[in-house]
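Q: no sequence on hand, only this structure:
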Ligand SMILES: Nc1ncnc2c1ncn2[C@@H]1O[C@H](COP(=O)(O)OP(=O)(O)OP(=O)(O)O)[C@@H](O)[C@H]1O
């Protein structure tokens, strides 16, 4: 029998439970913690420019980082400080590999030949406004991270033990069953760090981890980070204006002013550096605040003096134990931070594709089951609209006198399903984007796995909502009670819903909520105009006729009309002496619909769906991977 080790776990109420852990699990847990090698980062002549102004014609550019150099020493806790807008986040984005566009310069990692993707592989980046999955508990969020970020062959009990150990260090065990949306700001920040620590990256980048926290929570957060650096990690965090107490928690400081380096060195050398530059920091004055004030208010010449004194970050004079970077063979270790080079290597994930897919799907269904409000809202909207339309147009489906009213109702079905699917995704998807961005950038899972999981996860929602809506409205409006006709028209509406849902995701990916909403609704206008409902193709000039064939609304509308009045439907019932529109073929000719087009329409919708899916994927890729 294998030996067991005692590990403390916590039950639902936060009480301690003695968990017997297989010795192998304990060993894997320890092994994982010790796997990281210290990583030192050196960067040289990093510049970054952005477009200045909105003119498309003139390519005016503004330099936001001006050839800065510096060192983030292995196993040290370094603060990037500086006035607002000095370029702290930009520098962090560049060194972490998050920003690749319009960047020049070199990054050296431990002196070995590497590129920016290799550094990304070794690091975790916790962004300023890190968005977490709101509807997962701390334990679920951590276990999801453990499942996708740790080796697949690691036992679940080992993963669990590791999660509990990290949570214990972050004082989060008492809240493991609390939903992340209910956590305090400090707890959320700690959870964001804990999530990245699961894969034990040797480098951690944190953009303003203390923003929005009170001084106690900020200090607690920095103490944890300092502790992580003692364990051999290189921890770099940007911080706006640290108090003296906070500053003393860091080993090194790297200070920027107007995109240039004005100080690099140990925190202890801050005052001697000021004195060496003939700047006398008043007693009881925070030296960082003092230097920031100088950078903000003093004339340009003063800043130039500081930049020259520190050689824009190249000088290592004020670091306690400067690394001898000159011993590195530059040709081998040098790596330009350009996109071209960074794309050479493919990202590797800890778990295989299908496992990523499995865990993502599990999370999607868990979140959907928790998102009661949205679920009830979606179901409620479909039931209410179905009842309203069914009530207004009660039992008209077989009435020869109301044939055209019935067609209006069908068009309303299409409009409802289309706008419902489109707007719901335009509004909700931008909230999901930052989470995907963070998780994908930190190599939790591939974009392909996420996309396929979310596609599969969205299908049941659309199928249930549309089927529910159709069951009500189809029955109440008195359409033919035939399974074939009902299933054909429902299938068509489901296809329309999925196409417009994907279109909504595309728009929501590329635009913000307000612009996306306006653009999304407005851009459907051509499809509606050429739907053949307001205007028949035969009444328009020849050159516009093809547009009717390309309209998704037209094809969807036509397919539903055919499933209702096509397939050799019997004449409509006539309750008057004479009814002009008793025969479905005659009606179809009047409304310019060919009753043999059903397969073609469905084929068109399926191809459009595939194209929209591809567009969605590329939009996501553009936003998350390429536009960096
Ligand atoms: N895409 C962009 N287009 C135009 N200007 C930009 C862009 N990105 C950054 N900037 C500008 O670059 C400068 C540096 O921005 P950055 O966010 O790095 O500053 P920061 O030091 O982190 O500021 P804060 O402490 O306020 O967060 C700012 O003036 C900012 O307006």
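A: In hand now; what should we look at? These figures come from a predicted structure and were not determined experimentally.

Q: mind listing what residue 88 touches?
A: Applying Cβ atoms under 8 Å, 6 or more residues apart in numbering to residue 88 gives the contacts 80-82, 207, 238, 240, 256. The C-beta positions use only the backbone N, C-alpha and C, and glycine is treated the same way.

Q: please repeat the previous calculation with a cut-off of 7 Å.
A: Going by Cβ atoms under 7 Å, 6 or more residues apart in numbering, residue 88 touches 80, 82, 238, 256.

Q: and those, which is closest to residue 469?
A: For the contacts of residue 88, the residue nearest residue 469 by Cβ to Cβ is residue 238; the value is 49.7 Å.

Q: any idea how far that closest one lies from the ligand?
A: Look at residue 238 and the ligand: by Cβ to the nearest ligand atom, to the nearest Å, they are 6 Å apart.

Q: so that residue sits against residue 80, correct?
A: Yes. With contact defined as Cβ atoms under 7 Å, residue 238 counts as touching residue 80 (4.2 Å).

Q: about what we covered before: in the contacts of residue 88, find the pair that's most separated.
A: Every pair of the contacts of residue 88 checked by Cβ to Cβ; the farthest is 238 and 256, at 9.1 Å.

Q: anything in contact with each of those two?
A: 80, 88.

Q: tell me the secondary structure for residue 104?
A: Following DSSP: H, G, I helix; E, B strand; the rest coil, residue 104 is assigned to strand.

Q: next one: residue 216
A: Quick answer, by three-state DSSP: residue 216 is helix.

Q: okay, it: pLDDT?
A: The confidence metric pLDDT takes the value 80 at residue 216.

Q: mind listing the helices in the stretch 101-250 of the chain by residue range?
A: 116-122, 138-149, 156-169, 185-197, 215-230, 244-247 (DSSP state H, counting those that start in this stretch).

Q: could I get these as a markdown table with mean neighbour count and distance to the ligand?
A: Listed next are these as a markdown table, based on neighbours: other Cβ atoms under 10 Å; distance: least, Cβ to the nearest ligand atom, whole Å:
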| stretch | mean neighbour count | distance to the ligand |
| --- | --- | --- |
| helix 116-122 | 20 | 18 |
| helix 138-149 | 23 | 26 |
| helix 156-169 | 20 | 28 |
| helix 185-197 | 22 | 16 |
| helix 215-230 | 18 | 15 |
| helix 244-247 | 16 | 15 |
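
Q: phi, psi of residue 536?
A: Here is the backbone geometry of residue 536 (degrees, to the nearest 10): phi -90, psi 150.

Q: got the contact list for it?
A: Neighbouring residues of residue 536 by Cβ under 7 Å, 6+ apart: residue 592.

Q: residue 461 now?
A: residue 378.

Q: could you say which helix or strand holds it?
A: For residue 461, the host element (DSSP states H and E) is helix 447-476.

Q: residue in the stretch 151-300 of the chain with the shortest distance to the ligand?
A: Across the stretch 151-300 of the chain, the shortest distance to the ligand (Cβ to the nearest ligand atom) belongs to residue 240, at 5.0 Å.

Q: nearest residue to that residue in space, please, no chain neighbours.
A: Excluding its sequence neighbours, the residue lying closest to residue 240 (Cβ to Cβ, 6 or more residues apart in numbering) is residue 208, at 6.4 Å.

Q: what's the burial count for that neighbour?
A: Residue 208 has 20 neighbouring residues, counting by other Cβ atoms under 10 Å.

Q: what stretches of the protein score poorly on pLDDT?
A: 1-37, 53-59, 111-118, 130, 322-347, 626-628 (pLDDT under 70).

Q: residues from it in reach of the ligand?
A: 50, 64, 82, 84-90, 240 (Cβ under 6 Å from any ligand atom).

Q: which pair of these spans the longest distance?
A: Pairwise over the residues of the chain next to the ligand, using Cβ to Cβ, the maximum falls at 50 and 240, 20.8 Å.

Q: ok, residue 576 touching residue 401?
A: Yes. The criterion here is Cβ under 7 Å, and residue 576 meets it with residue 401 at 6.3 Å.

Q: higher neighbour count, those two?
A: Set side by side, residue 576 and residue 401 show more neighbours around residue 401, with 16 against 9, by other Cβ under 10 Å.

Q: strands of the chain, start to end?
A: 4-10, 16-22, 41-51, 61-72, 77-81, 103-109, 123-126, 203-207, 234-238, 252-257, 260-266 (DSSP state E).

Q: turn the ones you listed into JSON lines, including mean neighbour count.
A: Formatted as JSON lines, the strands of the chain follow (neighbours: other Cβ atoms under 10 Å):
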{"stretch": "strand 4-10", "mean neighbour count": "15"}
{"stretch": "strand 16-22", "mean neighbour count": "14"}
{"stretch": "strand 41-51", "mean neighbour count": "19"}
{"stretch": "strand 61-72", "mean neighbour count": "20"}
{"stretch": "strand 77-81", "mean neighbour count": "25"}
{"stretch": "strand 103-109", "mean neighbour count": "20"}
{"stretch": "strand 123-126", "mean neighbour count": "24"}
{"stretch": "strand 203-207", "mean neighbour count": "25"}
{"stretch": "strand 234-238", "mean neighbour count": "27"}
{"stretch": "strand 252-257", "mean neighbour count": "26"}
{"stretch": "strand 260-266", "mean neighbour count": "26"}
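
Q: could I get the ones you listed as a markdown table with distance to residue 294?
A: Formatted as a markdown table, those follow (distance: least, Cβ to Cβ, whole Å):
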| stretch | distance to residue 294 |
| --- | --- |
| strand 4-10 | 50 |
| strand 16-22 | 52 |
| strand 41-51 | 23 |
| strand 61-72 | 18 |
| strand 77-81 | 13 |
| strand 103-109 | 26 |
| strand 123-126 | 30 |
| strand 203-207 | 24 |
| strand 234-238 | 20 |
| strand 252-257 | 8 |
| strand 260-266 | 9 |
